[in-house]
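K.L.:
Test case, fold it:
(3 chains)
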Amino acid sequence: MIALLTIIFSFIGALICGLMPACAHRRIRWVALLTAGLGLAAAFCCALRYTGPGMEDVISRTWIPSMGVGFLTGFDGISLPLLLVTGLVAVAGVLFTWKLDHRANQFYAFYFALIGGVYGVFLSMDLFLLFVFYEIAIVPKYFLIAIWGGAKREYAAMKLVMYSFGGSALVLIGMLALFFASGLNTFDLRALMTVDFSSGLQSVVFPVMFVGFAILAGMWPFHTWAPQGHSAAPTAASMLLAGVVMKLGAYGCLRVAVGLMPEGAMVWAPWVAVFAVINIIYGALAALRQDDFKYVIGYSSVSHMGFVLLGIGTLHLTGMTGAVLQMFSHGVIGALLFAMVGTVIYTRTKTRKLDELHRLMERMPGIAWVFIVVALASMGLPGFSGFVSELYVLLGAWATLPTWIVISAGVGVLATFGYTLAKIHEAFFRERSTGDNTSDGNDGEGDADYPPMTLPEKAGVALLLGASLLIGLCPWLLTNHIAGSLQLLLNRFN
Amino acid sequence: MITALTLAPIAAAILMFALPEARARMVALGGALVSLALTVFMLTRFNLADTGIQFQEKFNWIPALGIDYFVGLDGLNALVLLLAALLAPIVVLASWKHTDRPRTYFALMCLQFTGLFGTFTALNFFHWFLYWELALVPAFFLIKLFGKGEERHRAALNFFLFTVVGSVAMLLGFLFIYQQTKTFDFITLAGMGVDVSPWIFCAVLAGLWVKVPMVPLHIWQAPAYAAAPAPVAMLLTGVMSKMGVYGFLRLVVPIFPDHLQNYATALMAFALVTVLWGAFLALRQTDIKRMLAFSSLNHVAFCVLAVGAIGLAANGTEIDVRALVTQGIILQMFAHGIAAAGLFYLVGLLEERAGSRGLGDFGGLSSVTPRLAAAFFVLTFCSLGLPFMAGFAAEFLIFSGSFAVAPGITAVATLGLLATAVFLLTMLQKVFTGPTPERHRAMPDLSLMETLILIPLLILVFWVGTAPATWLRFSANLF
Amino acid sequence: MDYTAIFTALLPDLFVVVALFAALGVDYGCLRGASLADRAAAAARIGGVGLVGALVALAFQLTGSLAVDGHALEVATHGQLVLNAGTLALKALLFLLGLLVLPLAARTISTPQVSEYFALLLLATLGMGFMVTSRNLLGAFVALELVSLSLYALTALNPARKKSAEAALKYFTYGGVASAFLLFGISYLFGALGQLDITQATLAEAPRLVVVAYLFILVGLGFKLALAPFHLWAPDVYQAAPTPAAAWIASGSKIAGVALLLALLGPVSLPSAHSAIVPLLLLMAVASMAVGNLGALRQANVKRLLAYSAIANAGYILVAVVAFTDAGRAAALFYAIVYAIATLGAFAVVSVWNDRLGREALIEDFRGVWKTSPGLSLALLVFVLSLAGIPPLAGFVGKFYLFFAAIHAAPQMEYWSDGLYWLVAVALLFSVVALYYYLKILKAVFVREENGELDSSPVGLPAATAILVLALLTVALGVWPEPVVDYIQSYLF
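P.N.:
Numbers count the residues shown, from 1 in each chain, chains lettered A, B, ... in the order given. As a prediction, the model looks like this:
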């Protein structure tokens, strides 16, 4: 029941926030923080009580028996890290939007509706229920971006929604095919996992479902929604998008596509790996070419999600453990990067254009250093979670994938290093060309120091960076559970 | 205890943020001294008869992957750890007057110390790599933030990217090895003998190659050394370049004996090219710092030459050669670390006083700044390999060992030594003799502080040179 | 079979008829000089009382307190009155929806002929009730014509606007032709079956005569249901008709029409019999989805947009109809119901907004509405998202059930062309497109800033209640559809 509380708290929080008057934004943010905090606490309790490796905290109710649909929730070692990252990002998202006063009640209503949907996906053990939560998460995204977003927000929001919905359409077809092929008249994932679908069916349905989910995971060439959506979104929403929503897709790929169709997965795994590598390298190169800070981070998300896909494509315990760990890791760090760029830096400099930033290293040294540490963590610096997860993924890749894929992934890692450093330089060290200064005539003001981080910002950074560091140094906190549950899933591959 | 000494600087770095900015240097020095004290304490307790790992700390870290936290000391890393621990406080003292954002500066420096200590003591690839990268990042920012001139950005970036290319190749290689052997433990790996394709060997080599560096991956080096502030350059040349050589000793020699044997000649050839090319480039420089950078390239390459000799030696029964050459490498690391760090410090002082560092900008300084000149002479001669100084003892061991297995290459390499003599002496001549330019007549000599910093280095130069056995006993029982 | 039995059976309809005449009589007799608003209120009240009475009677019939011998009645009337738990419930649903239309109609006084307006609404409702309870070719046709004629007249009841009359004429002409086709088809079918009662007739195979008959029937019903390529009247009529009337055309007649379509397809439920008409159904399904969804993309007028959405949704319904299984029929009917509820709700909100504007609302006119009318905006959100098929709203379950049933008919999937997977895929593709224009409405409401001062005159309690009820139904059917789905499966098919 504790796991279910995450969903319940979120939706109740959404309702309460939505019903509060907009002018009470100071109270609303405390309600929001409380809601997010309760969700995190519930997720944390789940983590503490989980013994593994099977499904725990299972709740099973009939719902629409005439369509074989049940209300089935529970979690295992694969969902656990994702529940945690959702909780963490939700809390941090509230902290980083602390000063929001524009339609705050609606903002948090949509925000928690989205979070509730995300928790729901991670907890669903019924395919239909999973799909329902998957779709519930779509519409709040639209409004969060379209109402509170930045430039081109309406276009980006619509694009994001179209991609998500298109992906879920594919998922729906695959879902129905599996349902009828199983002959069990149930969407219960545990039951469906015991079915040996014919290999012909698997090889047809697997790509459909995988692509359906992977669109939301930002798989090339369906990734274009991601940078645009992330960039246009308000900070808390882009944190959720990058940190959690992209994980929905990857989670679906892993839990549903791979979990239910081992043979299909084996047929298509090399292609998954190829696309994953394209993701990694393409994302990194694209990030290198961006001029807008948020786009840089957006493409870096695409690149990092490539590692998740690569891990899944290995179909190897270590590699897939890495994939799940990378979901956690990127969830935490990607969200933090967006927070840094979207709130911490933007509210001070009022620009996201890299070439308009001017000597930030001297004008906001504290923030610059925090950002640099976060960027290095995202780059995969040993000691942070990103390194461990990439290590796992690459280990798995060596085990099952051709050498050139591994080498290409290595090239991708290097490209990541490249753009991270290049962009750090452009953002914090480069001086703006002097041409601008004369035309603005505000040299004195242009060089003023910026205020340091506020307390909520510091708390948010500490929360997310701490989580990354903790998992970077003690990955076994998560990997034991992840690997245990994945082993159950992989048992069918032999 | 090793963990404590490794983490002491990082603790200092954290402490810095709790104290006023002006205290940063004290804290950094404190951290470095704690590490030094612990190192010295351990070395005094070092059991010379024990050929295994001493002071080891080992516990299961990531059980699922069978990764242990495993640190320890043996003959291979004792001396190089001492070198790092010795230079740490010296480097902090050398930057005592640093005023630009001191907290950031010293915090980065402390992080770097941790990285260096960790790299030298780690015996499991997982956290060895962690420290290996950790040592890189602060260096990058130290050059980028506190370096001189606009090229510092490019220099730092090149430095980082080159190193990282190598590191990633090495990481991939080791992951492959793990996939084969299911262990990251250096000692276990050395014991079981790894049978992998030569490409994996090359990948691992690439990481070390860049760090040493060797031709053709050396091009990051001179700009980085030149752009770095003097104390950072001391660290780069004194300790970081040793990371690569130490990597050869720790990874290549024990884990890939067969590959090393097969490719020893090629390795030696590359080392030879590096020696000669470094000398050649050094001859052409007019910038003292760049010249020293190339001289450093040249000197460290001798170590790799010797590694090749170990590979060749493995053929026959010439076990003495292996021991001899290994000793030589270890001593050369130590000796070069001290001499090069000292020289870079002195160049930094010269630059600070004169505002430039071109060879032609100076002259006749021996009369104006006698103490500085004396220190410079001593350290340069040490580099040259003058008898009774550290460089001589080390290079003698290396050359005598290498000559036994590869006389041709070694003979040519000695030409490099000659070239070194030529350019270093030319430098001394141009800087310290002849007429003194007008503007340098009032150049202050070494202050008391500066002298005190240099004295331990000078003492060591002679101590190692006259009594190498004192130092070599740590690695005496390796074979 | 005595007349008491028929009286008991038709008691609900009697209430409606009495109310109809009472509304006309009171208006003509006592309210000559009263204001339009008062007259409308009176007529709406009388109609409402009649419908409530009918609903109570229906409730008694359903619970058995008012005994109806359905079987005897069916035999006696040759299937003209098929009263069982299923059809009675459907009739009750239609009356309920009709009841919810009344307060909306009472708000909008678009015509001086107020009592006629309400009488026609009641008459249409009455006809729909007969449509769903009739399994007799002739009875169903007559009921359909009752509905159609009332709706033609309703469309025209807006003399202030020339367009209204023009649209009514268009509707009438198209509808007339459609009726002719339908009647023609029915007569052929009668020829093939040899009887008017279609509950008893099941064809083993379809001779050419039957195929031609169904061709005509589908063309005729295609007009009525606004299925492409026979949809041309719909956008104009929806736009020009008084909004409550358009709402009733879109919702009530859709449910009744789908029920009639399913009944008429009854004789060819065997695969051997319907194989010849499936291509036509498929064509109409795909064409409707394409025309409806693509057409809606370009609309600026909300009512026209909803008209195109109606075309598209009729296409979705056919996806389940072509399955020719019980599950498919249940799904088609269920979807028609949830669609009707949502679209009625959407029209209700639009109707309120049209009143405030005093003209037909464009999407742009909804800008910033959330500020002044949060409740209305929220209701619109619910309805539109349900139409778009977003969980946890009824539209999602409805659509899922449609696709579920379509694939259930032939679930084997080894190649892409197996079964109805491709049709479901097309439907899903178009529902992605649909989300775009539905979101356009919501974007105006929630995202954009308002153009100028927004009118926020009160909605009025009755209309607000109607909207609330519809919204709650939409949510409830989405969150817990099982009772309704189960009921339809158990009692109707």
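
K.L.:
Please name the nearest non-neighbouring residue to the closest residue to chain C within the stretch 351-494 of chain A.
P.N.:
In the stretch 351-494 of chain A, the residue that lies nearest chain C is A:Arg492 (20.7 Å; Cβ to the nearest Cβ). (Each C-beta comes from the backbone N, C-alpha and C, glycine too.) Closest residue to A:Arg492 apart from its sequence neighbours, by Cβ to Cβ, 6 or more residues apart in numbering or on different chains: A:Pro262 at 4.8 Å.

K.L.:
so what's the backbone phi/psi at the one you found?
P.N.:
phi -60, psi -40 (degrees, to the nearest 10).

K.L.:
That one: what's it in contact with?
P.N.:
A:202, A:492-493 (Cβ atoms under 8 Å, 6 or more residues apart in numbering or on different chains).

K.L.:
Let me know the distance separating it from A:Ser199.
P.N.:
10 Å (Cβ to Cβ, to the nearest Å).

K.L.:
Repeat that for C:Ala241.
P.N.:
56 Å.

K.L.:
Isn't C:Leu120 up against C:Ser150?
P.N.:
Yes: taking Cβ atoms under 8 Å as the definition, C:Leu120 is a contact partner of C:Ser150 at 4.7 Å.

K.L.:
still on that earlier bit, ok, C:Ala241 and A:Ser199, which is more surrounded?
P.N.:
C:Ala241 (29 against 14; other Cβ atoms under 10 Å in any protein chain shown).

K.L.:
so what's that one closest to, chain neighbours aside?
P.N.:
C:Thr155 (4.2 Å).

K.L.:
May I ask which helix or strand encompasses that neighbour?
P.N.:
Secondary structure assignment for C:Thr155, by DSSP states H and E: helix C:137-156.

K.L.:
same thing with B:Ala18?
P.N.:
Per DSSP H and E, there is no helix or strand for B:Ala18.

K.L.:
Can you classify the residue of chain A found nearest chain B as helix, strand or coil?
P.N.:
Using Cβ to the nearest Cβ, the single residue of chain A nearest to chain B is A:Pro382, 3.5 Å away. The three-state label given to A:Pro382 by DSSP: H, G, I helix; E, B strand; the rest coil is coil.

K.L.:
Can you list phi and psi of it for me?
P.N.:
Per degrees, to the nearest 10, the backbone of A:Pro382 is at phi -60, psi 140.

K.L.:
That one against B:Leu136, yeah?
P.N.:
No: if you go by Cβ under 8 Å, A:Pro382 and B:Leu136 don't touch, sitting 10.2 Å apart.

K.L.:
Could you give the separation of the strand ranked longest in chain A from the chain centroid?
P.N.:
Longest strand of chain A, by residue count under DSSP state E: strand A:56-64. The chain centre lies 26 Å from the centre of strand A:56-64; the measure is Cα atoms, centre = their mean, to the nearest Å.

K.L.:
Report the strands that pair with that strand, each with its relative direction.
P.N.:
Its sheet considered, strand A:56-64 pairs with strand A:69-75 (antiparallel) by DSSP bridges.

K.L.:
what comes up buried for the helix or strand A:Ile367 falls within?
P.N.:
When secondary structure is defined by DSSP H and E, A:Ile367 falls within helix A:365-379. Buried positions in helix A:365-379, judged by neighbour count with 16 or more other Cβ atoms under 10 Å in any protein chain shown: A:365, A:367-379.

K.L.:
Which secondary structure state is assigned to C:Ile390?
P.N.:
coil.

K.L.:
and it, how many residues sit next to it?
P.N.:
There are 23 residues near C:Ile390, going by other Cβ under 10 Å.

K.L.:
Report the closest residue of chain B relative to chain A.
P.N.:
Counting by Cβ to the nearest Cβ, chain B gets nearest chain A through B:Leu130, at 3.5 Å.

K.L.:
possible to save the contacts of A:Pro262 as TSV with pLDDT, secondary structure and distance to C:Gly398?
P.N.:
Shown next, in TSV, are these (pLDDT from 0 to 100; DSSP: H, G, I helix; E, B strand; the rest coil; distance: Cβ to Cβ, whole Å):
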residue	pLDDT	secondary structure	distance to C:Gly398
A:Gln202	90	helix	30
A:Arg492	84	helix	35
A:Phe493	82	helix	38
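
K.L.:
Out of those residues, who's the most crowded?
P.N.:
A:Gln202 leads these on contacts (other Cβ under 10 Å) with 24 neighbours.

K.L.:
Next up, the contacts around that one.
P.N.:
A:261-265, A:267.

K.L.:
Not counting sequence-adjacent ones, nearest residue to it?
P.N.:
A:Gly264 (3.4 Å).

K.L.:
check which helix or strand covers the one you found.
P.N.:
A:Gly264 belongs to helix A:262-289, assigned by DSSP H and E.

K.L.:
Specify the next element, helix or strand, located C-terminal of that helix.
P.N.:
Assigned by DSSP H and E, the successor of helix A:262-289 is helix A:293-314.

K.L.:
by contact count, what packs against that following helix?
P.N.:
Helix A:293-314 sits against helix A:225-232, helix A:246-252, helix A:262-289, helix A:317-339, helix A:385-400, helix A:403-424, with contacts defined as 3 or more Cβ pairs under 8 Å, 6 or more residues apart in numbering or on different chains; DSSP states H and E.

K.L.:
okay, the residue lying closest to A:Ile333 once chain neighbours are set aside: pLDDT?
P.N.:
Once flanking residues are discounted, A:Ile333 sits nearest to A:Ser378: 4.6 Å by Cβ to Cβ, 6+ apart. Looking at A:Ser378, its pLDDT stands at 91.

K.L.:
so how far is A:Leu241 from A:Ser378?
P.N.:
From A:Ser378 to A:Leu241 the distance is 16 Å (Cβ to Cβ).

K.L.:
same question, B:Tyr345
P.N.:
For B:Tyr345, the distance to A:Leu241 - Cβ to Cβ - is 51 Å.

K.L.:
Neighbour count for the two, which is higher?
P.N.:
Between B:Tyr345 and A:Leu241, counting by other Cβ under 10 Å, A:Leu241 is the more crowded of the two (28 against 25).
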